[in-house]
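1. Any chance you can model this:
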Amino acid sequence: MKFVLAGQPNSGKSTIFNAVAGYRAATANFPGSSVSFTTSRALILGREVEVVDLPGVYSLTSADAGAGEGESYLLGGDYDLIIDVVDASRLGRSLELTLQLLELRRPMIVALNMMDEAERRGISIDAAALARELGVPVIDTIARRGQGLRELFRTALQHAHLGRPAPVPSFDREVEAALQSVSSALQEVGADSGVVPARFSAAKLIEGDSLFRRSVFGQYPGLEPVVTAAVADLERAHGWSADQIVSGGRHALAHAIEERVSVHGSPSLGWREWLDRLLLGPWTGGAMMVAILAALFWIVFGVGQRIEGPLVGVFERVIATAVGHLEPGSLVATLAHGVLMGLAGGVAIVLPYLIPFLLGLAVLEDTGYLPRLAYILDSLMHRIGLHGKSVLPLILGYGCSVPAIMSTRILESRRDRRITGVLAAFIPCSARSVVIFGLVAAYLGPLWALSIYVLNLGVVVVLGSILSSRMRGSSPGLILEIPELSVPHLRTLVAKTWLTLREFITIAWPLLVASSVVLGLLEWLHAHDEINALLSPLTVAVLGLPSAVGMTLVFGVLRKELTLVMLVQALGTTHVNEVMTVAQLMTFTLFVVFYVPCVATVAVMAREMGWRDTAWVSGLTIVTATVIALAGRLAFALVS
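-> Next up is the predicted model:
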């Protein structure tokens, strides 16, 4: 049995999914946080069920940039029940998607989520009355607290077993006549596949859905005159365009239902509204932004530095003791040293900075601050030819470049998606941040590390301006839903941090160990000198770095954390400041921050942007990294 979770952005779908399937989907308190569907098997009330979390969409139209993947899945028909997750605090707007889902004629129930937020706004909703209006079961839920979820899935199992299709909503007489005319024509030519109801197809054709029309008219060209005639009759009767008539009818029906089932009282205003005035104020918003990001930076640095030192000391003693019992220079000693260095690098060097960074980013996401940051930075983004919505993928890039590039799907313009995808590749992800904190902040001080982030932001702005001037076109204005501020739950924060940390433990850490062993073997075979010699025109001649760092940059293409751990092994000491000068530490870090993204990011870029764009972006990162690192080297030479 398979259940599909559908709903508008920020309605709580992924929260419900994680509650029953374990924490497997990234959730955040901002729209567009889910950009692809996630699936998992879960044992629900003694029954094994496959649960699918679809991307949040406002409507099932091709005009909605994020609707494609979700609509394709819904039209595929390979599921038993739709669970429509509705934001109770925005009931009228949410019901517009509900009415479209009803037109699919599939078994369906409604999760009336965020009831606590609705009550805070003074909204009282009669769930039983709403169920009568829609003709499907409606269950009250507060997903983030787990309230109502047991009843929701108990009802889902019962309703899926019955297999009763959802009733179809009715519109005014002219719309119904047009739908009936096109539906009959679809059935006559056999275009009614049985999976997609004829009425749903008719509505899509009348609304002028370009993708749907192209598909249907390409296969059944005789239907085009029928649809054209129905649209003409409808527009003549109403005086509007057909898509406005149908969507307007759906909008009116949704809000009429809301009025019949809900009562609006006086909202209870509190700390959220007061804090929002500070976060979004024209004078206070920028200052609050700087304060919040600075606090995140200092917390990550402070926690990481206090944990790293003792751990490094412990592992140095462990490695010295373990390897000391083996024959110096032997293959066994080399392998043992490589394994222990890889393990030590993950625990003592990477995790002390990675965990607080991921936890801090999760707090910013779940409180709802990220869309507010997008609002504040909207004017800056316009200066480089984009709009504030592009900030969301870029901020996600500070966690990981892979979801950052995938989340460019929330942008309406292909031009904006390309430019934002390119810029996201330059944002220092958590792995690059580990290098910044582990090298520059640890040995040179936090202000030096902060300067790298400021420089990176400046480079992103300059690149964005250049790309915007070269890629002609205009960005649509910023229409961004800003959700309510909320207090994040510790359990959710820990689970979200663990979701990313688990990837490091299962993917990056084994790579650290394997790479450390490979580097040790290359040194034992004396092959590393040849590889370093090949890279020396860049590393030594241009960047002025020790020749031993060449191999570390090669491993860094796999995962950026590897550059830090491999650097420690290549130099033969955890105290790299004793081997490299201040200028070399900064030059090395600058190059790592800007050069080729990891292989996972390159693969996602190829899928989202194509191999041609990916190739020139990779080349651009290498050129940019070389120029900036060289400039850093020359700057230090001038002041020293």
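2. for the stretch 451-600 of the chain, what spans make up the helices?
-> Assigned by DSSP state H, counting those that start in this stretch, the stretch 451-600 of the chain shows helices spanning 490-503, 509-524, 528-536, 550-556, 561-571, 582-594, 599-609.
3. Please work out which of the ones you listed is packed deepest.
-> For those, the largest average neighbour count (mean count of other C-beta atoms under 10 Å) is found in helix 561-571, namely a mean of 27. Glycine gets a C-beta too; all of them are placed from N, C-alpha and C.
4. so which of the helices of the stretch 451-600 of the chain gets nearest Pro328?
-> When the helices of the stretch 451-600 of the chain are compared by C-beta to C-beta, helix 509-524 sits nearest Pro328, at 11.7 Å.
5. In CSV, list the C-alpha atoms belonging to the closest one.
-> What follows is helix 509-524, C-alpha atoms only, in CSV (Å, rounded to 0.1, in the frame of the first residue of the first chain):
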residue,chain,number,x,y,z
TRP,A,509,34.5,9.5,6.6
PRO,A,510,35.2,6.2,4.8
LEU,A,511,36.6,8.4,2.0
LEU,A,512,38.8,10.1,4.5
VAL,A,513,40.2,6.8,5.7
ALA,A,514,40.6,5.4,2.2
SER,A,515,42.2,8.5,0.9
SER,A,516,44.6,8.6,3.9
VAL,A,517,45.6,5.0,3.2
VAL,A,518,46.1,5.8,-0.6
LEU,A,519,48.2,8.8,0.2
GLY,A,520,50.3,6.7,2.6
LEU,A,521,50.8,4.0,-0.1
LEU,A,522,51.8,6.6,-2.6
GLU,A,523,54.4,8.0,-0.2
TRP,A,524,55.6,4.5,0.6
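6. okay if I get the helices of the stretch 451-600 of the chain as a markdown table plus distance to Asp233 and mean pLDDT?
-> Formatted as a markdown table, the helices of the stretch 451-600 of the chain follow (distance: least, C-beta to C-beta, whole Å; pLDDT from 0 to 100):
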| stretch | distance to Asp233 | mean pLDDT |
| --- | --- | --- |
| helix 490-503 | 52 | 83 |
| helix 509-524 | 64 | 83 |
| helix 528-536 | 71 | 87 |
| helix 550-556 | 64 | 88 |
| helix 561-571 | 64 | 86 |
| helix 582-594 | 60 | 95 |
| helix 599-609 | 42 | 88 |
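7. which one of those helices lies closest to Glu481?
-> Closest among the helices of the stretch 451-600 of the chain, once you apply C-beta to C-beta, is helix 490-503, at 20.3 Å.
8. Mind naming the longest helix for the protein?
-> Using DSSP state H to define each element, the chain has its longest helix at helix 284-324.
9. quick one: that helix to helix 561-571, angle?
-> Here the directions of helix 284-324 and helix 561-571 differ by 40 degrees (axes from the mean of the first three to the mean of the last three C-alpha atoms, to 10 degrees).
10. Identify the residue nearest the residue sitting furthest away from the middle of the chain in space, chain neighbours excluded?
-> In the chain, counting by C-alpha atoms, centre = their mean, Glu327 sits farthest out from the average C-alpha position, at 49.3 Å. Leaving out its chain neighbours, the residue that sits closest to Glu327 by C-beta to C-beta, 6 or more residues apart in numbering is Ala333, at 6.0 Å.
11. correct me, but that neighbour touches His325?
-> No. Using C-beta atoms under 8 Å, Ala333 is not in contact with His325; the gap is 9.1 Å.
12. can you give me the mean pLDDT across stretch 382-394?
-> The average pLDDT within stretch 382-394 is 74.
13. Please, where are all the strands along the chain?
-> Taking DSSP state E as the criterion, the chain carries its strands at 2-7, 38-44, 47-53, 81-87, 108-113, 123-125, 138-140, 262-264.
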